[in-house]
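Asks: Got a predicted structure plus its sequence, pasted below:
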Amino acid sequence: MHGYIQDKDDYLKRLRRIEGQVRGIARMVEDETYCIDVLTQIAAVTKALQAVSIGLVEDHLGHCVVDAARESPEAGAAKVREASEAIARLVRS
């Protein structure tokens, strides 16, 4: 079971809202909306995705990493390494 399973509905709701925002941005481009207004909406979507990412990282650390650490030191270390790599990808993006 994944760490986010308890918050799955909340994540899906947030992602659907983000999906709607992205479709709105596409319409803005189709309608040739002023550049700064499009960029403002892109920034809002980016921030929303970052919030989802942070929540998923917290859930992963609190559930998956903790469970693996209880299983064995090696399993815990592997999950920490996996989480570190995922966080590094998020920071670079």
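Replies: Received the coordinates, thanks.
Asks: What are the boundaries of the helices in this structure?
Replies: Using DSSP state H, the helices assigned to the chain run over residues 8-30, 35-59, 66-71, 73-92.
Asks: What's the mean pLDDT across the last one?
Replies: Looking at helix 73-92 alone, the average pLDDT works out to 95.
Asks: Report the angle between that helix and helix 35-59.
Replies: 170 degrees (axes from the mean of the first three to the mean of the last three Cα atoms, to 10 degrees).
Asks: residues touching the residue nearest to Gly76 when sequence neighbours are not counted, list them.
Replies: Distances taken as Cβ to Cβ, 6 or more residues apart in numbering put Ala69 closest to Gly76, at 3.1 Å, once the chain neighbours are dropped. All C-beta atoms are positioned from the backbone trio N, CA, C, and that covers glycine. Residues near Ala69 by Cβ atoms under 8 Å, 6 or more residues apart in numbering: Ala75, Gly76, Lys79, Val80.
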